[in-house]
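# coords please:
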Amino acid sequence: MDTTFPDLRQYGGADAFLQACKPRTVLDIFTNKWTGLVLGALLDGPRRFNELRRMLDGITQKMLSQTLRTLERDGLIVRTVYPTIPPRVDYELNELGRSVVGVLRSIGEWAGEHADEVIAARQAYDERAKEPVKPV
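Modelled structure (predicted):
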């Protein structure tokens, strides 16, 4: 089997192509489009659920709940419940969550710099896909 990357398993290293690879399971956190947006929304400090929902245009209540639960489970945010009536719940980044912010900022900057190129590439691809298949 020819691969682009060397097989690091023989040296005791990780292989992100393997399903059970620890770094791969962590990378799975960021495959959800809402994860980065929720983390970004928490950059300026704690926020309540409805505040996050208003900020994140297009997110459903169910998806926001699921994303917050996942981020809490993964140790990136803290959920604090205050004993008031009705109960007040705040979500905020913890130290681990703040440590990933630089990476997310870089991705966001890249997306901003290259959005026009990506959109143009998509449009060109879609136009080519409409054409009949030509033999080589």
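
# Could you tell me the model confidence score at P83?
Note for P83: predicted pLDDT of 91.

# for G112, same thing?
The per-residue pLDDT of G112 was computed as 95.

# How about Y91?
98.

# List the buried residues in the top helix by length along the chain.
Ranked by residue count, the top helix of the chain under DSSP state H comes out as helix 101-130. For helix 101-130, the neighbour count (16 or more other CB atoms under 10 Å) marks L104 as buried. Just so you know, the C-beta spots here come from the backbone N, C-alpha and C atoms, and that holds for glycine as well.

# helices and strands around it, which ones?
On a contact count with 3 or more CB pairs under 8 Å, 6 or more residues apart in numbering; DSSP states H and E, helix 101-130 meets helix 33-41.

# what's the following helix or strand after the helix it packs on?
Per DSSP states H and E, the first helix or strand lying C-terminal to helix 33-41 is strand 47-48.

# That next one pairs with which strands?
strand 88-93 (antiparallel) (DSSP bridges).
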